[in-house]
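Enquirer: sequence first, then the predicted structure:
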Number of protein chains: 2
Amino acid sequence: MAVGKTKRRKTARTGSGWLLRLRPIGVIRSTIKKRGQAPKQGAEGAPDAWLEVSPFAAQGFDGVRVGDELIVLTWLHQAKRDVLQVHPRSDPSRALTGVFATRSPDRPNPIGLHRVTVREVTTHRLRIGPMEVIDGTPVVDLKPPLACSPDG
Amino acid sequence: MAVGKTKRRKTARTGSGWLLRLRPIGVIRSTIKKRGQAPKQGAEGAPDAWLEVSPFAAQGFDGVRVGDELIVLTWLHQAKRDVLQVHPRSDPSRALTGVFATRSPDRPNPIGLHRVTVREVTTHRLRIGPMEVIDGTPVVDLKPPLACSPDG
């Protein structure tokens, strides 16, 4: 059951970069269909959504139960990866800031962190919320938070 | 400054999988040299470490300041990606559990989440801690936590 291996390669751009590949463990099914409809954070009015589990990863979900608080890691597939500075919260009156000091989805590696509660568990699907990402967003990991932690 | 694009491809294994590529924005330089020396969590006695910034990503760090609390996302490059169930905390007396209900580094997409404080900022390096990963671990993202959040 080899899922994949970390690839180490030279890249043309840096001469020393690594290319690291993710394999989705699931996908989000949501009523939010477009990026413009999505709230910036889950706590800002996001709906519940379904996480459809990739068959290869199903065993990894054993032990996930209704009521659990979890951190979902998504791949924000519509993000712009060439953005390094943004106006926080898309507010042009705020100074341009490095993306790593913000929660902008536009960033070199557009991984979203979402603190959710598990509402329902069925075969190969979990209902979770709140979840602010759009329908079709790949899910790359799921972890319990360590303690009091909105998204960790 | 196109950093890279999300690749969408068929995979041989699933017929519908996506291959998503990460590009490191930096690397951890630590006194921890081997996985066996690393504490399981940062709060369990981990030292401070240096985050060496990849030149292409340097602008993205503008606005990161000493004293900031940040979530560091790492690529746990020594993790086993074909593991779907583990004994929590490597304790064989605990029942096998799906990796997504645990913080095991062994999991299909070995992304680590680490809540750290920024101790020092120099050109192309940040001193951060506590940081439990080994020397040479790639860093793929950095975000502010949303609120009270050990690792979110």
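Expert: Okay, I see it.

Enquirer: would you tell me which strand is longest in chain A?
Expert: strand A:111-122 (DSSP state E).

Enquirer: pLDDT below threshold where in chain A?
Expert: Where chain A drops to pLDDT under 70, the residues are A:1-19, A:147-152.

Enquirer: which strand or helix spans the residue nearest the centre of chain A?
Expert: For chain A, the residue nearest the mean C-alpha position is A:T74 (1.7 Å; Cα atoms, centre = their mean). If you go by DSSP states H and E, A:T74 is part of strand A:69-75.

Enquirer: picking up where we left off before, can you tell me if the longest strand of chain A touches chain B.
Expert: Yes. Counting by Cβ under 8 Å from any Cβ of the partner chain, chain B is contacted by strand A:111-122 at A:111, A:113, A:115. Using the backbone N, CA and C atoms, a C-beta is placed for each residue, glycine as well.

Enquirer: what sits against A:R89?
Expert: Contacts here follow Cβ atoms under 8 Å, 6 or more residues apart in numbering or on different chains; on that basis A:R89 touches A:K40.

Enquirer: so what's the residue count around the residue lying closest to the residue nearest to the centre of chain A once chain neighbours are set aside?
Expert: Computed as Cβ to Cβ, 6 or more residues apart in numbering or on different chains, the closest residue to A:T74 that is not its neighbour in sequence is A:G112, at 4.1 Å. If you count neighbours by other Cβ atoms under 10 Å in any protein chain shown, A:G112 ends up with 23.

Enquirer: residue ranges of the strands in chain A, please?
Expert: A:20-22, A:26-29, A:49-53, A:69-75, A:85-86, A:97-98, A:111-122, A:125-129, A:138-143.

Enquirer: do you know how far the closest residue to A:S30 other than its chain neighbours is from chain B?
Expert: Nearest in space to A:S30, with sequence neighbours left out and distances taken as Cβ to Cβ, 6+ apart, is A:A49 at 4.0 Å. Look at A:A49 and chain B: by Cβ to the nearest Cβ, to the nearest Å, they are 16 Å apart.

Enquirer: just A:W75 next, same as before
Expert: For A:W75, the distance to chain B - Cβ to the nearest Cβ - is 5 Å.

Enquirer: same question for A:G98.
Expert: From A:G98 to chain B the distance is 4 Å (Cβ to the nearest Cβ).

Enquirer: got a list of what that residue touches?
Expert: A:84-85, B:59-64.

Enquirer: which one of those residues sits in the busiest neighbourhood?
Expert: B:G60 (28 neighbours).

Enquirer: doesn't A:S104 make contact with that residue?
Expert: No. Between B:G60 and A:S104 there is no contact under Cβ atoms under 8 Å: 9.7 Å.

Enquirer: residue contacts, the residue nearest to A:W75 when sequence neighbours are not counted?
Expert: Excluding the flanking residues, the one nearest A:W75 by Cβ to Cβ, 6+ apart is A:P138, at 4.3 Å. Residues in contact with A:P138 (Cβ under 8 Å, 6+ apart) are A:22, A:24, A:26-28, A:74-75, A:77, B:18, B:20.

Enquirer: what bridges to A:P138?
Expert: For A:P138, the beta-bridge partners under DSSP bridges are A:V27.

Enquirer: with A:R127 instead?
Expert: With DSSP bridges as the rule, A:R127 is bridged to A:W50, A:E120.

Enquirer: counting neighbours, what do you get for it?
Expert: Counted with other Cβ under 10 Å, A:R127 comes out at 18.

Enquirer: for A:P105, see how far away it is.
Expert: A:R127 sits 23 Å away from A:P105, going by Cβ to Cβ, to the nearest Å.

Enquirer: next one: A:R35
Expert: In terms of Cβ to Cβ, A:R35 sits 8 Å off from A:P105.

Enquirer: same deal with A:G136?
Expert: A:G136 is 14 Å from A:P105, by Cβ to Cβ.

Enquirer: then A:S90?
Expert: 11 Å.

Enquirer: higher neighbour count, these two?
Expert: A:P105 (22 against 9).

Enquirer: how much space between that one and chain B?
Expert: 11 Å.

Enquirer: one more: A:V121?
Expert: 11 Å.

Enquirer: same check, this time on A:G36
Expert: 19 Å.

Enquirer: any idea how many residues pack against that residue?
Expert: Residues near A:G36, counting by other Cβ under 10 Å: 7.

Enquirer: what does the one 4 residues further on give?
Expert: Per other Cβ under 10 Å, the neighbour tally for A:K40 reads 14.
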